[in-house]
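[1] below are the sequence and a predicted model; questions follow.
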Amino acid sequence: MEQAVGEIGTTLDGTSTCRELAAFTARHLRATATVDLLTEPGTAPRRAARATPPETAERPESAELSESAEPSEPSGPKESAGWPEPTEPARRTDRSVAGSAGDPAAAPDDPDEHRLAVPLAVHEEEPLGTVTLSRTGGGPFSGDEVALARYAARLAARHLGHARRLAAAEDAALHLQRALVAEPGRPHPNLEIAGGYLPAGPRALVGGDWFETVRLHFGRSLLVVGDVMGHGLDAAVDMNAYRTALREVAATDLPPHRVLRHLDSVVAEDGARRPATVLLVRVDPARGTATFASAGHLPPAVFGADGSAELVDLLVGPPLGTGVGGYEPTTRPLRPGDTLLLFTDGLVERRSEDIDHSLARLAALRLPPDCGPDQVVDQVLHRLGAHGAEDDVAVLAARIRARPPQ
């Protein structure tokens with residue numbers, strides 16, 4: 001049984017767990033093992049994995065899976081579930097134990113064939129499927145073998161249930177985050193904006209990246225990009241809390257650095273909130289200026305009308321939630337044709353690369369002249385390989401809309 005703990009459920013992937021269960025039971029019980037899963041209530045079970053005992057298998061340690069089977073999870077997206085969706089129909093059985101020792105009535109037609117079927121369930125929970133063992137010769141399954149099969153099935157069921165719950169949480173977080181970044185507010189018409197969000201990829205937990213725009217008085221707009229530390233549903237929920245609080249504070253028309261000070265004090269008093277890095281930019285199209293304030297966030301970039309890029313040199317305070325404060329404003333002009341780009345660290349950071357080198361790659365980009373916000377977002381995501389990034393990516397681009405000639 002100790003070996004079962006070490007060999008079954010080594011990953012969070014449901015397909016791998018089914019393979020491991022089939023391989024373990026086939027090897028230790030000297031029987032052909034099949035794992036059949038119930039995908040939906042009332043539907044026929046589907047074959048998830050099959051393994052043969054070492055003396056008959058060409059590859060003793062491997063479990064076979066239907067070639068067309070792919071990871072899937074009924075309650076979540078395929079890219080996040082890690083749940084097997086097999087395609088080979090399985091035979092139903094009405095007996096939890098068939099053909100085992102002490103159950104001659106359940107014996108198969110062939111007197112030399114012995115069969116054992118055990119539900120994939122944890123105690124009184126609804127079964128997720130069945131593991132069926134069959135062998136010819138060698139005698140019926142003993143009481144110890146039945147106990148081992150049941151233990152392995154319960155262990156696998158526990159891991160499969162955890163994978164299903166994890167997939168559901170990932171799905172909820174992903175949908176919440178996408179819903180939040182899909183509508184980043186409405187800036188004034190004098191500002192063109194474009195945004196983009198990319199999750200890190202399959203089986204990766206969603207992070208707390210977001211962007212936002214808030215309409216202020218006198219034709220000004222506040223641009224926001226932030227990253228809540230950590231991943232998963234909790235990070236997405238905290239991201240929504242930050243977003244809501246920021247809108248309320250920004251509505252008072254405080255300058256960006258004072259907005260950060262207020263948010264920092266509020267979050268520091270709530271020990272349940274995760275720290276977050278945030279960058280605020282107040283754009284004043286009438287004056288052609290942008291005022292920045294950063295809470296531990298990477299600096300933005302400005303792409304000129306000629307396509308060249310420049311990182312904004314600004315003062316960086318601690319992340320929100322520390323209670324330390326110390327945020328200061330930085331103001332610079334925005335020339336006609338300049339496009340401001342705010343982003344989270346997933347856009348530039350790469351494993352084993354110094355962050356200065358990562359930012360230098362962004363600053364070295366040369367885009368086609370006169371790119372608008374939409375083109376800047378598309379070009380930057382493509383050229384920096386953001387679609388294969390190791391972390392979530394959120395970007396927000398803005399440009400002062402040119403005034404029509406009088």
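    That came through fine. Owing to the predicted nature of the structure, the values given are computational and were not obtained by experimental measurement.

[2] helix/strand/coil for the closest residue to residue 391 other than its chain neighbours?
    Leaving out its chain neighbours, the residue that sits closest to residue 391 by CB to CB, 6 or more residues apart in numbering is residue 346, at 3.5 Å. (Each C-beta comes from the backbone N, C-alpha and C, glycine too.) Recorded secondary structure, residue 346: helix (DSSP: H, G, I helix; E, B strand; the rest coil).

[3] state the distance from residue 346 to residue 8.
    According to CB to CB, to the nearest Å, residue 346 and residue 8 sit 34 Å apart.

[4] equivalent analysis for residue 387, please.
    35 Å.

[5] between these two, which has more neighbouring residues?
    Using other CB atoms under 10 Å as the criterion, residue 387 and residue 8 rank with residue 8 on top: 24 against 10.

[6] once you drop chain neighbours, what's closest to the more buried one?
    residue 20 (4.7 Å).

[7] same question, residue 220
    residue 284 (4.9 Å).

[8] who does that neighbour bridge with?
    Beta-bridge partners of residue 284, counted by DSSP bridges, are residue 289.

[9] give the contact list for residue 362.
    Residues in contact with residue 362 (CB atoms under 8 Å, 6 or more residues apart in numbering) are 301, 309, 311, 347, 348, 380, 384.

[10] check contacts around the closest residue to residue 263 other than its chain neighbours.
    Closest residue to residue 263 apart from its sequence neighbours, by CB to CB, 6+ apart: residue 320 at 5.4 Å. Contacts were defined as CB under 8 Å, 6+ apart; by that measure residue 320 touches 242, 260, 263, 264, 267, 275, 276, 277, 278, 295, 296.

[11] list the ones among the residues you listed that fall in strands.
    276, 277, 278, 295 (DSSP state E).

[12] farthest-apart pair in the contacts of residue 362, please.
    Using CB to CB, the two most remote members of the contacts of residue 362 are 311 and 384, lying 14.0 Å apart.

[13] host element of residue 39?
    Assessed by DSSP states H and E, residue 39 sits outside every helix and strand.

[14] coming back round to it: ok, the residue nearest to residue 220 - how many residues close by?
    Residue 284: 18 neighbours (other CB under 10 Å).

[15] residues touching it, list them.
    218, 219, 220, 290, 291.

[16] now those as CSV including secondary structure and distance to residue 210?
    Converted to CSV, the contacts of residue 284 look like this (DSSP: H, G, I helix; E, B strand; the rest coil; distance: CB to CB, whole Å):
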residue, secondary structure, distance to residue 210
218, helix, 26
219, helix, 24
220, coil, 21
290, strand, 20
291, strand, 21
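
[17] number of residues surrounding the closest residue in space to residue 208 that isn't next to it in sequence?
    In this structure, residue 208 finds its nearest non-sequential neighbour in residue 228, 2.7 Å apart by CB to CB, 6+ apart. By other CB under 10 Å, the residues close to residue 228 number 28.

[18] who does residue 228 bridge with?
    residue 208, residue 276.

[19] that one against residue 278, yeah?
    No. Assessed by CB atoms under 8 Å, residue 228 is found out of contact with residue 278, at 9.4 Å.

[20] neighbours of residue 247, how many?
    Neighbours of residue 247 using other CB under 10 Å come to 14.

[21] quick check: phi and psi at the nearest residue to residue 198 once chain neighbours are set aside.
    Distances taken as CB to CB, 6+ apart put residue 393 closest to residue 198, at 4.3 Å, once the chain neighbours are dropped. Main-chain torsions, residue 393, degrees, to the nearest 10: phi -130, psi 130.

[22] repeat that for the one 4 residues further on.
    Summarising the backbone geometry of residue 397 under the convention degrees, to the nearest 10, its torsions are phi -120, psi 140.
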